[in-house]
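Asker: here you go, sequence then predicted model.
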Amino acid sequence: MRATSRLRIGRELAEQIRRHAAEEYPRECCGALLGREAADGLREVLRVVALANRSEDAPRHRFLLSAGDVREVERLAREAQCELLGWYHSHPDSPARPSEYDREQGWPWYSYVIVSVAKGVPGEMTSWRLADDRSAFLPEIIE
């Protein structure tokens with residue numbers, strides 16, 4: 001994996017993520033990123049799918065998806081002739097950087113978009129890719 005991987009996401013899709021984050025505040029929001037990866041490694045998000053945060057013990061600090069959620073977005077991706085490129089979630093009143101929990105639960109290859117939400121107002125949006133050895137997240141450039 002290159003530390004200079006790139007993720008292209010249009011303004012409207014980025015705004016959908018920000019709106020979802022504001023609506024769910026103070027809980028973490030979460031969702032899926034569907035799109036395509038070009039031969040040069042550029043990933044282009046063509047659709048975002050909002051999902052329910054199923055965490056009951058700590059929804060302000062982490063998100064949880066069910067196996068059914070994952071199967072559903074994989075089905076949607078197939079129908080749209082896309083790939084499941086990754087996931088997005090918010091960090092309420094915290095920076096848009098992956099937490100240790102994110103690293104422990106994350107999967108290599110996927111893009112992880114994180115949006116910071118301060119007092120209900122969405123702010124910085126970043127993207128990350130987990131190293132193949134799962135040791136750390138590397139920043140992904142958002143275009």
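Answerer: Arrived safely, thanks for sending. All values reported here derive from a predicted model rather than from experimental measurement.
Asker: which helix or strand in this structure has the lowest average pLDDT?
Answerer: Using mean pLDDT, DSSP states H and E, helix 100-105 stands out as the lowest-scoring helix or strand of the chain, at a mean of 93.
Asker: now it: buried residues?
Answerer: Taking 16 or more other CB atoms under 10 Å as the neighbour-count basis, helix 100-105 is seen to contain the buried residues 102, 103. From N, CA and C alone the C-beta is placed, and that goes for glycine too.
Asker: next: stretch 112-120.
Answerer: So stretch 112-120, judged by 16+ other CB under 10 Å, has buried residues 112, 113, 114, 115, 116, 117.
Asker: how about the contacts made by the residue nearest the centre of the chain?
Answerer: In the chain, the centroid-proximal residue (CA atoms, centre = their mean) is residue 88; its distance is 1.8 Å. For residue 88, the contacting residues are 17, 29, 30, 31, 32, 33, 48, 112, 113, 114, 115, by CB atoms under 8 Å, 6 or more residues apart in numbering.
Asker: what pLDDT does the residue in the chain sticking out farthest from the centre get?
Answerer: In the chain, residue 39 marks the outermost C-alpha relative to the chain mean, sitting 21.8 Å out by CA atoms, centre = their mean. What the model reports as pLDDT for residue 39 is 88.
Asker: alright, that wraps it up for me.
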